[in-house]
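Chemist: Just to be clear, the model below is a prediction. Sequence and coordinates:
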Amino acid sequence: MSTTVSINPYTGKEIHSYKNHSAKEVVEIIDRADARFGSWKKTSFSERSKLMRAAADELKSNKEEYAETMVLEMGKPISQALAEVEKCAWVCEYYAENAEKQLANENKETDAYKSYVSYEPLGVVLAVMPWNYPYWQVFRFAAPALMAGNIAVLKHASNVFGCALNLEKIFKRAGFPENCFSTLLIKSDAVKAVIENKKIKAVTLTGSGPAGSEVAATAGKNIKKTVLELGGSNALIVLKDCDMAKTVDTCVMARFQNTGQSCIAGKRLLVDESIAEEFVNRLTKKVSELKSGNPMDEDTFIGTMAREDLAQYLEKQVKSSVAYGAKLAIGGSREYAYFEPTILTEVTPEMKVFEEETFGPVLSVTTFKTVEEAIKLSNLSKFGLGVSIFSKNIEAVEKLVPEFEEGGVFINELVKSDPRLPFGGVKMSGYGRELSEHGIREFVNRKTVYIKK
């Protein structure tokens, strides 16, 4: 019997041991999901909406229960865990309110008596999801997928199986029919067979580039639609006319929330050299004041990283960059899975903290002389998820938007996901979109209907 052990990254102690599903059990779960699709796709939007609102109510009513599992399994500070649960409720409410009009038939002017596009569900959709936002990543897929009439099957990261089972519990408590949402307790090496199962119609993955490449290759071989939301190394571009106090606060939040473990975190600070010294001094002071500690304490902002091996890899990236000339302004030390909030200055593009994604509380600082140089530095990244630009001259900065190779451009704000806006990237950050009307239309059949008298 294969098992997966959940470890508390703050204490290093075992939380629970989970029995993994066998290959036979996986097939049975998918079979039941596919059988449910036959009836679920025929339900009305009003019925689905009622259930999705019930899921939102369940999340809000028991947010402490769900947040605590997150804290224990991946070390997220409790205040941020509670906020994540509340955001999940928001996306449920958003699609409960908007799905019907987002998927309404779209009339087209042709020479036919009547022609339109209808949006119809595909069937069972597999979601391969990461540990860093163990509820939000899933809900931003599941809420639109279920509202569209699809069935959701989740393969979650192995270190958050408790969260995965909670997700299944939330939909059951909300009253969704059995098998509308199912969790597979399997390891990564079992995913290929799941994708190859003929009853799986599409796949969405949020995770690393290598994982996305493998999933896309298997899905492509089997002619199945995929959406990939992969890594990011977002730039925070600080122009000399920024509101310095507000920009410092935003940059701290952009890099260090969720202990820096976010694909959309601002990881590369690009600052005009004329203000760099003052800006970095202010930034360093703010970071030094961030409270680290037990993630269950309400005033903790920096918790532990999710696993010791992740902290070890981040340490290697930092040490390598220092060896190539980067300077430690603050931080740099590690203890088990805890990594001290860190700022590196004098960073150049060939250093690992610039070239690679740093998935933890480490911010690199690079200076520039001109806006054109800042744009070039930002676009040097192999990733293209988002960029933040800070300036009081909004009209001038808005004209620069087409210059950035990104899925999103945020002016005077950190890059963030919002149910009302499409979310996703380009280049090595993946393809496809989640959220808004764009997200709900990813896993539907856009059916052309042409009627001639």
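Modeler: Sure thing, it's come through.

Chemist: Surely Gly407 is in contact with Lys427?
Modeler: No: Gly407 is beyond contact range of Lys427, at 9.1 Å (criterion: Cβ atoms under 8 Å). No exception for glycine: its C-beta is placed from N, CA and C like everyone else's.

Chemist: list the contacts for the residue nearest in space to the middle of the chain?
Modeler: The residue lying closest to the centre of the chain (Cα atoms, centre = their mean) is Gln137, at 5.1 Å. Shown in contact with Gln137 (Cβ atoms under 8 Å, 6 or more residues apart in numbering): 129-130, 206.

Chemist: Just these: which are in strands?
Modeler: Thr206 (DSSP state E).

Chemist: which non-adjacent residue is nearest Ala211?
Modeler: Leaving aside its sequence neighbours, Ala211 sits nearest to Leu205 (Cβ to Cβ, 6 or more residues apart in numbering; 6.5 Å).

Chemist: His21 now?
Modeler: Nearest residue to His21 in three dimensions, chain neighbours excluded: Leu185, at 5.0 Å (Cβ to Cβ, 6+ apart).

Chemist: Val238 now?
Modeler: Val238 sits nearest to Val271 (Cβ to Cβ, 6+ apart), 4.3 Å away.

Chemist: Could you pull out the strands in the stretch 101-250 of the chain for me?
Modeler: For the stretch 101-250 of the chain, the strands defined by DSSP state E, counting those that start in this stretch cover 106-107, 114-121, 124-128, 151-155, 181-184, 200-206, 225-229, 234-238.

Chemist: any idea which of those is most buried?
Modeler: Most buried of the strands of the stretch 101-250 of the chain, by mean neighbour count (mean count of other Cβ atoms under 10 Å): strand 234-238, with a mean of 28.

Chemist: Contacts only, for the residue nearest to Asn105 when sequence neighbours are not counted.
Modeler: Closest residue to Asn105 apart from its sequence neighbours, by Cβ to Cβ, 6+ apart: Tyr116 at 4.7 Å. By Cβ under 8 Å, 6+ apart, the contact set of Tyr116 is 105-108, 449.

Chemist: in the sheet, who's paired with Tyr116?
Modeler: Beta bridges link Tyr116 to Asn107, Val449 when assigned by DSSP bridges.

Chemist: Between Gly407 and Lys427, which contacts overlap?
Modeler: Gly384.

Chemist: Looking at those two, which is more packed in?
Modeler: Gly407 (24 against 17; other Cβ atoms under 10 Å).

Chemist: Wait, Gln312 touches Arg334, no?
Modeler: Yes: using Cβ under 8 Å, Gln312 makes contact with Arg334 at a distance of 7.3 Å.

Chemist: In terms of packing, which of the two has more residues around it?
Modeler: Ranked by neighbour count (other Cβ under 10 Å), Gln312 and Arg334 place Arg334 first, with 18 against 14.

Chemist: ok, and the closest non-adjacent residue to that one?
Modeler: Nearest residue to Arg334, sequence neighbours excluded (Cβ to Cβ, 6+ apart): Glu315, at 4.8 Å.

Chemist: count of neighbours near the one you found?
Modeler: The local packing of Glu315 (other Cβ under 10 Å) involves 17 other residues.
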